[in-house]
Structure formats: C-alpha cells, structure tokens
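Chemist: sequence and predicted structure, then a few things I'm wondering about:
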Amino acid sequence: MTVHETRSESGLILPDYAPDNASHPPLDSAEYRSSALRHPKQPLQYLPQHLTEVTGPLLGEDRCGEHDDDLTAQHDGEPLGERIIVSGKVLDSGGTPIPNTLVEIWQANAAGRYLHQGDRHPAPLDPNFSGTGRCMTDSEGNYGFVTIKPGAYPWRNHDNAWRPAHIHFSLFGQAFTQRLITQMYFPGDPLFYQDPIFNSVRDEQARDRMVSRFDLDSTVPEWALSFKWDIVLRGPQATVFEDEEEEDDD
C-alpha cells in the first residue's frame, strides 16, 4: 500500500494511505440498492486537520465500563441465544500488535433484531440484550468480547434478501479522524452467496479475511464456544473496512 504524507494547517505531518480499490467495495454498488442514494456524488474534499482533530478526544480506558466487554452481563438477567466468545488481535501490516486501541462492536440479537427504533423486523427484542460493547486492546494488541451469536435478518434489498449473521466493529486510533469500521462474519454461513454487502468486496481473499474462525482451544467448556478474528489495519493482509458514508445497521 502506498503511503503519502500530508501537512496540516497546524504544521503536523499526517500519513495519507492510497485507497485499495482492487478489494474495497465501491461506494456505489448496484446490487446494494440503498448505496445508490447514499454514496457521495461529488469529488472527495480533504478537510484541514487541526491539532484538535488529530489529538483529541482521548479514547482510553476511561471510555470503557465494567461490563462493556461482556454483552451478556449488562442487564439484570441473561440474554437468550448462543453465548460466544469473540477475540483476536489488532495488528499492523508487519504483524506488530497495536496496543491501547478502542474497539467497539454492535450487533443484532439472537433473533436477528437490533435495539434500534428504525428496525421493524417482526422478531422479538430481548430486554437483557442491548447489542453494544467496547474494550481496549492490551499491550499485545489483544481484544475480547463475550456476547450472543447474532441471528440473520431480512432487509428487503432484493427478493427474499437476508443478511448473514455478523458483528459490526469500529476501531479508533488516537482521534475520531482515525476511525475504521468493518464487519465480522461466521464460518460456513449459507447466506454468503446472496449477500451484496459481503460480495461487494471484490477480492475473494479479502472476503475470506472478514470471516472469523471457530477455535475450540479458546472455548470455555460447558459455557461458551469461541471464534477468533484478527484485524489487520493495512498492507496485503489488511481487513476490509467500510467508508463512513456507507455506515448503518445493515
């Protein structure tokens, strides 16, 4: 990946990474119908980055509450569904762990419904599941969540359209301007072939990097199965990230 440098108005030299158009999804994907109305139609304009945008706000340990990394322990009762552990590492292109990075997730419940006023899917809400979590990577770049395996859900993009089970991930660097967003999927999902969001990633190997792997060694016997998923920020093994203009609950 080509790296350029851009000097901000405040004199800071900032990295600028060339887009990976070979594998990243196009902003306007014909199969993903709602992108026709939401994708940018004007050329990209770079906004000046001042000291405030580059260095703040601080996104450290104080952003995480006691049960933010355990989505099954955030309410008085336990949520319904299959309890799972999702964990992995955040790495750079050389395999170096990225410590102290804020990782956030959001997802549908076991019935395939989000706790969101815009979700009208006729599936039950779970009073013991909010579907959001966050944690910080440790000194070795490790992150981990306990959650419920999300269900598939219909979304009316095309005839009998269903989204494969997935979890949204958001990663922050040192500032909001360094936010990256992607989705993690589960191995062997039968809905992959008909999902235009998953298949908008044109490179097959890049799509494979969006799929977690089942890991028996890290399961907790008689309590939870485990899935591993490493996030690589750049380079030939990079995870595919979304453009923020395309972010929503899909």
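Modeler: Alright, I've got the coordinates.

Chemist: dihedrals phi and psi, the spatially most central residue of the chain?
Modeler: The chain has Phe169 as the residue nearest its centroid, 2.0 Å off, counting by CA atoms, centre = their mean. The phi/psi pair for Phe169 (degrees, to the nearest 10) reads phi -120, psi 140.

Chemist: ditto for Arg38
Modeler: Taking degrees, to the nearest 10 as the convention, Arg38 sits at phi -100, psi -20.

Chemist: just checking, the residue nearest to the centre of the chain touches Glu104?
Modeler: Yes - contact criterion CB atoms under 8 Å: Phe169 and Glu104 qualify, at 7.3 Å. In short, each C-beta sits where N, CA and C put it, glycine included.

Chemist: and the residue nearest to the centre of the chain, what are its bridge partners?
Modeler: Ile105, Thr182 (DSSP bridges).

Chemist: pLDDT score for it?
Modeler: On pLDDT, Phe169 comes in at 97.

Chemist: and for Glu246?
Modeler: In this model, Glu246 is scored at 51, pLDDT.

Chemist: ok, the residue nearest to the centre of the chain - contacts?
Modeler: Phe169 makes contacts with Val103, Glu104, Ile105, Ile181, Thr182, Gln183, Met184, Ile231, as judged by CB atoms under 8 Å, 6 or more residues apart in numbering.

Chemist: rerun that using 10 Å as the cut-off
Modeler: Contacts for Phe169 (CB atoms under 10 Å, 6 or more residues apart in numbering) come out as 86, 88, 90, 103-107, 143, 145, 180-184, 210, 229, 231, 239, 241-242.

Chemist: do the same with Leu171
Modeler: 90, 98, 101-104, 137, 143, 178-182, 231, 233, 239, 241.

Chemist: again, only this time at 6 Å
Modeler: Thr101, Val103, Leu180 (CB atoms under 6 Å, 6 or more residues apart in numbering).

Chemist: Ile105 now?
Modeler: Gly133, Ile167, Phe169.

Chemist: from those, which is closest to Ser218?
Modeler: Checking the contacts of Ile105 against Ser218 by CB to CB gives Ile167 as the nearest, at 16.6 Å.

Chemist: test my guess that the closest one contacts Ala108.
Modeler: No - Ile167 is not in contact with Ala108 according to CB atoms under 6 Å; the separation is 9.0 Å.

Chemist: now do the same end-to-end measure for stretch 73-93.
Modeler: 34 Å (CA to CA, to the nearest Å).

Chemist: where do the helices of the chain begin and end?
Modeler: 35-38, 51-55, 196-199, 204-208 (DSSP state H).

Chemist: those helices: lowest mean pLDDT?
Modeler: Ranked by mean pLDDT, the helices of the chain end with helix 51-55 at the bottom, a mean of 65.

Chemist: low pLDDT regions in the protein?
Modeler: In the predicted model, the chain carries pLDDT under 70 at residues 1-19, 47, 49, 52-60, 173-177, 235-249.

Chemist: do a quick rundown of the strands in it.
Modeler: 3-7, 13-17, 83-91, 102-106, 132-136, 142-148, 153-154, 162-163, 166-172, 180-185, 213-214, 225-228, 231-232 (DSSP state E).

Chemist: which one of these lies closest to Glu31?
Modeler: Here strand 162-163 is closest among these (CB to CB), at 13.2 Å.
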